[in-house]
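Undergrad: could you look at this predicted model? Sequence included:
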Amino acid sequence: MNKLLIIVSLLILNTIAFSQIPYGYYDGTEGLSGDDLKSALNDIIDGHTELSYTGVWDALRNTDEDPNNTDNVILLYTGWSVSNSGYPTWNREHVWAKSHGDFGNTAPCGTDVHHLRPTDCQVNSDRGNLDFDYSDIPYPTIPGCFYDSNSWEPRDEVKGDVARMIFYMATRYEGENGELDLFVVDQVNTYPNPEHGKLSALLEWNTFDPPSEFEETRNDRIYDNWQGNRNPFIDHPEFADLIWENTSTQNEYFTENKYNLSNYPNPFSENSFGTQISFSTSNNSQNVIIEIYNIKGQKVKSFPINQLTSSLIHQIIWDGTNMNNTKVKSGIYLINLKIDKKIAAINKCLVIH
């Protein structure tokens with residue numbers, strides 16, 4: 001990630017009210033990066049209160065509670081709201097697959113609620129122990145979810161959630177006190193090693209899908225009610241790039257950008273005409289759409305491209321307004337190019353007032 005964008009991200013994120021983060025919780029991390037930052041975060045979050053695997057049921061009923069129906073939980077991969085009764089309605093999914101290190105259902109790794117989520121039983125079985133990466137085959141019951149022989153691609157709404165859970169596990173478990181040493185790596189087919197991938201995709205997902213209110217509330221509840229530790233990558237998503245940006249081949253969609261997605265001017269202000277978004281794609285591409293997201297992962301505006309011209313470069317203007325034609329706030333926004341409902345390219349844009 002461009003260092004300037006990291007700095008801007010830090011400034012903007014510091015203006016967001018993270019009222020539930022205990023004062024001073026991340027003291028000592030200022031100015032750190034790479035292994036130094038990862039080690040400092042490990043010192044902060046290790047030694048958490050350990051749950052039994054049976055106790056995980058009650059924890060998940062609380063942490064993943066449907067905010068619109070307290071008798072239900074929200075399932076991770078599908079987004080369905082279902083009764084919180086548990087099995088056979090849903091079961092406990094280890095997002096860091098427990099066979100990647102063979103820690104089973106035993107504490108601390110196997111009962112750490114930061115990576116355990118309610119999941120539809122069939123979906124849990126089908127995901128199995130696959131690594132996470134962009135995949136090819138649409139999953140029949142979950143729009144936007146894909147899989148193949150060696151990877152699982154969750155729907156866009158939880159891509160970042162998955163990434164931040166994997167980053168947490170690789171940071172929390174560093175081989176101390178007889179615990180496993182877990183690694184996030186830039187490859188798939190990592191079973192049965194204590195590794196999970198694919199790092200470059202996960203870093204992209206962390207950027208594309210910032211923490212939602214649901215994810216932040218979940219983090220607060222784990223800290224307050226169950227384990228006494230937090231997922232740093234929910235509180236500070238920028239930590240992931242500061243730790244791993246130089247150890248992966250990221251980011252296909254930010255660096256190679258084969259669709260030449262860009263916008264100018266960038267930054268742009270409310271006093272300007274807006275920003276011109278440009279991209280290239282073949283004339284036979286189907287279901288092309290430009291979508292604008294804010295730093296919280298909320299869709300701000302969309303521009304369906306109903307008919308592509310014969311031009312090599314396609315252009316639209318975003319005037320800095322949302323779907324209600326109200327000017328958006330200052331901040332970082334993500335411009336996403338989707339083709340056939342899959343992310344083809346992502347570009348970052350800064351709006352200043």
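TA: Noted; the coordinates are in hand. Residues are numbered from 1 along each chain as shown.

Undergrad: give me the helices and strands touching the helix or strand that contains Ile44, please.
TA: Ile44 belongs to helix 34-45 when assigned by DSSP states H and E. With contacts taken as 3 or more Cβ pairs under 8 Å, 6 or more residues apart in numbering; DSSP states H and E, helix 34-45 sits against helix 156-172, helix 232-235, helix 238-244. Yep, even glycine has a C-beta here, placed from its N, CA and C like the rest.

Undergrad: how does it look with 6 Å?
TA: On a contact count with 3 or more Cβ pairs under 6 Å, 6 or more residues apart in numbering; DSSP states H and E, helix 34-45 meets helix 156-172, helix 238-244.

Undergrad: buried ones in the following helix or strand past that helix?
TA: Once the chain leaves helix 34-45, the next helix or strand it forms, by DSSP H and E, is helix 55-63. For helix 55-63, burial by neighbour count (16 or more other Cβ atoms under 10 Å) applies to Val56, Trp57, Ala59, Leu60, Arg61, Asn62, Thr63.

Undergrad: reformat the residues you listed as JSON lines; add distance to Ile335 and pLDDT.
TA: Output for those, formatted as JSON lines (distance: Cβ to Cβ, whole Å; pLDDT from 0 to 100):
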{"residue": "Val56", "distance to Ile335": "39", "pLDDT": "98"}
{"residue": "Trp57", "distance to Ile335": "41", "pLDDT": "97"}
{"residue": "Ala59", "distance to Ile335": "38", "pLDDT": "98"}
{"residue": "Leu60", "distance to Ile335": "35", "pLDDT": "98"}
{"residue": "Arg61", "distance to Ile335": "38", "pLDDT": "98"}
{"residue": "Asn62", "distance to Ile335": "37", "pLDDT": "98"}
{"residue": "Thr63", "distance to Ile335": "33", "pLDDT": "98"}
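
Undergrad: I'd like the helices and strands packed on helix 34-45 as JSON lines, with distance to Pro192 and mean neighbour count appended.
TA: Formatted as JSON lines, these follow (distance: least, Cβ to Cβ, whole Å; neighbours: other Cβ atoms under 10 Å):
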{"stretch": "helix 156-172", "distance to Pro192": "16", "mean neighbour count": "25"}
{"stretch": "helix 238-244", "distance to Pro192": "23", "mean neighbour count": "23"}
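
Undergrad: any idea which of these scores lowest on pLDDT?
TA: With a mean of 91, helix 238-244 has the lowest mean pLDDT of those.

Undergrad: and that one, how far out from the chain's middle?
TA: Here the centre of helix 238-244 is set off from its chain's centre by 13 Å, with Cα atoms, centre = their mean, to the nearest Å.

Undergrad: what residues does whichever helix or strand comes after it touch?
TA: Per DSSP H and E, the first helix or strand lying C-terminal to helix 238-244 is strand 262-264. The contact list for strand 262-264, computed with Cβ atoms under 6 Å, 6 or more residues apart in numbering, reads Thr275, Gln276, Ile277, Ser278, Cys349.

Undergrad: identify, from the residues you listed, the entry nearest to Gly128.
TA: Within these, the smallest distance to Gly128 is 37.8 Å, found for Cys349 (Cβ to Cβ).

Undergrad: and the two most separated of the contacts of strand 262-264?
TA: Ser278 and Cys349 (12.3 Å).

Undergrad: any regions of the stretch 101-250 of the chain where pLDDT drops low?
TA: 246-250 (pLDDT under 70).

Undergrad: where exactly do the helices run in the stretch 101-250 of the chain?
TA: Along the stretch 101-250 of the chain, counting by DSSP state H, counting those that start in this stretch, helices occupy 121-127, 156-172, 199-208, 213-221, 232-235, 238-244.
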